[in-house]
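> structural data only, the sequence is not supplied:
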């Protein structure tokens with residue numbers, strides 16, 4: 001985007017004011033890291049969300065993360081860094097450079113709807129979003145993308161992560177060529193066991209196929225109702241590889257992405273199982 005086309009820079013103080021300023025010729029700005037890289041034809045007004053009281057991270061039963069909290073805010077929060085064996089911090093360390101993480105906001109990142117390591121993990125963790133589009137409502141992150149709301153003017157005011165007990169584990173894996181590069185493919189899993197050690201609920205998400213991350217329902221459902229053993233893990237990985245919408249692009253072929261998916265989901269599930277077993281020792 002060329003900033004020479006910008007004729008107005010506005011900094012509203014409330015969500016209502018910010019939403020009222022958005023139209024076809026304006027764009028909401030969080031950390032601003034995406035503005036230069038991706039053009040927005042016809043935009044003349046930047047609506048800076050930085051003055052809104054949305055830069056917070058609260059740890060109660062789960063986590064409430066304000067829409068303008070930066071990726072560094074999340075990485076440096078001790079509660080979130082420890083959540084589920086540190087899986088969120090583990091993922092965030094591989095997102096861009098420290099300078100980018102210092103500026104990029106979580107709300108802006110999710111709203112842009114492309115190139116993301118964060119989306120697959122948040123999908124696996126069953127994250128929710130609170131949106132404002134004249135009224136406030138909360139929905140799952142999966143439904144947000146399923147409904148195409150990232151292409152709307154709705155503002156993300158909060159991201160929620162549910163609590164997780166000792167019967168739950170998660171893992172994230174990313175395949176990339178060099179540090180700071182976009183992933184060739186990434187995947188995330190979360191598994192919750194019941195009192196008998198059987199899988200009560202599973203979530204498997206795969207991204208950069210090269211489409212944005214999405215849940216792979218068949219792969220998750222194949223794990224539920226039985227033990228998290230080698231056979232079920234292998235079957236889940238095969239189902240994920242067959243189900244993802246893999247395509248060719250300049251970074252990888254569809255065939256290679258399916259191979260990465262098979263390996264990645266399998267490794268992530270083994271890692272989650274290892275974390276569960278480690279808690280019993």
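Received, thanks. Keep in mind the model is a prediction, meaning the values are calculated, not measured.
> contact partners for residue 57?
Counting by Cβ atoms under 8 Å, 6 or more residues apart in numbering, residue 57 makes contact with 63-66, 69, 73-74, 77, 79-80. In short, each C-beta sits where N, CA and C put it, glycine included.
> in the sheet, who's paired with it?
When bridges are called by DSSP bridges, residue 57 pairs up with residue 65.
> next one: it, what pLDDT does it get?
Per-residue confidence at residue 57 stands at 97 (pLDDT).
> could you check how far it is from residue 102?
Remark: distance between residue 57 and residue 102 (Cβ to Cβ, to the nearest Å) = 15 Å.
> so who does the closest residue to residue 127 other than its chain neighbours touch?
Nearest non-adjacent residue to residue 127, counting by Cβ to Cβ, 6 or more residues apart in numbering: residue 141, 4.5 Å away. Taking Cβ under 8 Å, 6+ apart, we find residue 141 in contact with 110, 119, 122-123, 127-129, 159.
> now residue 110: closest residue in space that isn't a chain neighbour?
For residue 110, ignoring the flanking residues on the chain, the nearest one in space by Cβ to Cβ, 6+ apart is residue 156 at 6.0 Å.
> quick one, what contacts that neighbour?
Residue 156 is in contact with 67, 107, 110-111, 129-131, counting by Cβ under 8 Å, 6+ apart.
> pull the most distant pair out of those.
111 and 130 (12.9 Å; Cβ to Cβ).
> more neighbours, the two?
residue 111 (23 against 17; other Cβ atoms under 10 Å).
> for that one, which three-state class applies?
helix (DSSP: H, G, I helix; E, B strand; the rest coil).
> pull up the gap between it and residue 271, please.
Residue 111 is 30 Å from residue 271, by Cβ to Cβ.
> what do you get for residue 49?
For residue 49 relative to residue 271 (Cβ to Cβ), the value is 36 Å.
> ok, the two, which is more surrounded?
When residue 49 is set against residue 271 and neighbours are counted by other Cβ under 10 Å, the residue ahead is residue 49, at 23 against 17.
> contacting residues for that one?
So residue 49 contacts 12, 18, 28-30, 67-68, 105, 107-108, 155 (Cβ under 8 Å, 6+ apart).
> of those residues, which belong to strands?
28-29, 155 (DSSP state E).
> re the thing from before, export the contacts of residue 141 to JSON lines and tack on distance to residue 87, neighbour count and pLDDT?
Listed next are the contacts of residue 141 as JSON lines, based on distance: Cβ to Cβ, whole Å; neighbours: other Cβ atoms under 10 Å; pLDDT from 0 to 100:
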{"residue": "110", "distance to residue 87": "18", "neighbour count": "22", "pLDDT": "96"}
{"residue": "119", "distance to residue 87": "14", "neighbour count": "26", "pLDDT": "97"}
{"residue": "122", "distance to residue 87": "11", "neighbour count": "27", "pLDDT": "98"}
{"residue": "123", "distance to residue 87": "13", "neighbour count": "25", "pLDDT": "98"}
{"residue": "127", "distance to residue 87": "13", "neighbour count": "22", "pLDDT": "98"}
{"residue": "128", "distance to residue 87": "18", "neighbour count": "19", "pLDDT": "98"}
{"residue": "129", "distance to residue 87": "19", "neighbour count": "26", "pLDDT": "98"}
{"residue": "159", "distance to residue 87": "15", "neighbour count": "23", "pLDDT": "98"}
